[in-house]
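Undergrad: 3D model of this:
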Amino acid sequence: GNPFKYVFISSSKSIFANELSDQFKIELQDEFGNSTTAFESLEIGFESESLISEFYFENNLINSITLPQGSSEFVFTFKDTSAGDHLITIFDKSNKNLLSAEQIVNVKAGGVHKIAFITPSFSKVAGEISSKMVVELQDEFGNIQTTPSVLTLNLSSSSSKAHFSSSINFDELINSITLP
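TA: Residues are numbered from 1 along each chain as shown. Got it, this is the predicted structure:
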């Protein structure tokens, strides 16, 4: 039949941040779900909800490809550094009103790379107690990560007069914290 829609015929993918996915396979189908061939060359666009997603065709970074006349399917790969579920869309750019194909790609954070303060920096008068400071573990792209095992963080300051406490009233001083 006549081309009607693009369809993902490969399963949904789960990858790590900045990892190139396995191939996604897209098929051109008629209105009844049967594979069909393009009667003429078709331009196909790629989009993602994530603004930093990358699509690759034959190892080249792309935002669209041309499906040659007589073809019915193509493959591509995907990469993103932002952790989360990202909706990717394959759509018609040839003004043929072909239905788009959508699929979720799960991008997982990479390994722990750094400890980052998420509390904004602040100034305090000497002797004044600061508000709570919060840190988080992140992968190299800033995605939140959990500890793979128990982790002890040693606390220090460039000031020899700084003190740390796990309580707001400073009734117990500490020099480290343990993350379970």
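
Undergrad: From the geometric centre of this protein, which residue sits farthest away?
TA: residue 127 (42.6 Å; Cα atoms, centre = their mean).

Undergrad: Check which helix or strand that one maps to.
TA: Residue 127 belongs to no helix or strand when assigned by DSSP states H and E.

Undergrad: quick one: it from residue 119, how far?
TA: 20 Å (Cβ to Cβ, to the nearest Å). Where C-beta positions appear, they are placed from N, C-alpha and C, glycine not excepted.

Undergrad: before we move on, what about residue 180?
TA: For residue 180, the distance to residue 119 equals 21 Å [Cβ to Cβ].

Undergrad: The two - which one has more neighbours?
TA: residue 119 (11 against 7; other Cβ atoms under 10 Å).

Undergrad: hang on, that one packs against residue 134?
TA: Yes: counting by Cβ atoms under 8 Å, residue 119 does reach residue 134; the two are 4.8 Å apart.

Undergrad: any common contacting residues for the two?
TA: Common contact partners of residue 119 and residue 134 (Cβ atoms under 8 Å, 6 or more residues apart in numbering): none.

Undergrad: Per-residue pLDDT of the closest residue in space to residue 89 that isn't next to it in sequence, please?
TA: With Cβ to Cβ, 6 or more residues apart in numbering as the criterion, residue 89 has its nearest non-adjacent residue at 4.5 Å, and that residue is residue 47. Note for residue 47: predicted pLDDT of 97.

Undergrad: How about the contacts made by residue 47?
TA: For residue 47, the contact set (Cβ under 8 Å, 6+ apart) comprises 88, 89, 91.

Undergrad: Nearest to residue 153 among those residues?
TA: Of all the contacts of residue 47, residue 88 has the smallest distance to residue 153: 37.2 Å, by Cβ to Cβ.

Undergrad: For the closest one, give me the pLDDT.
TA: 98.
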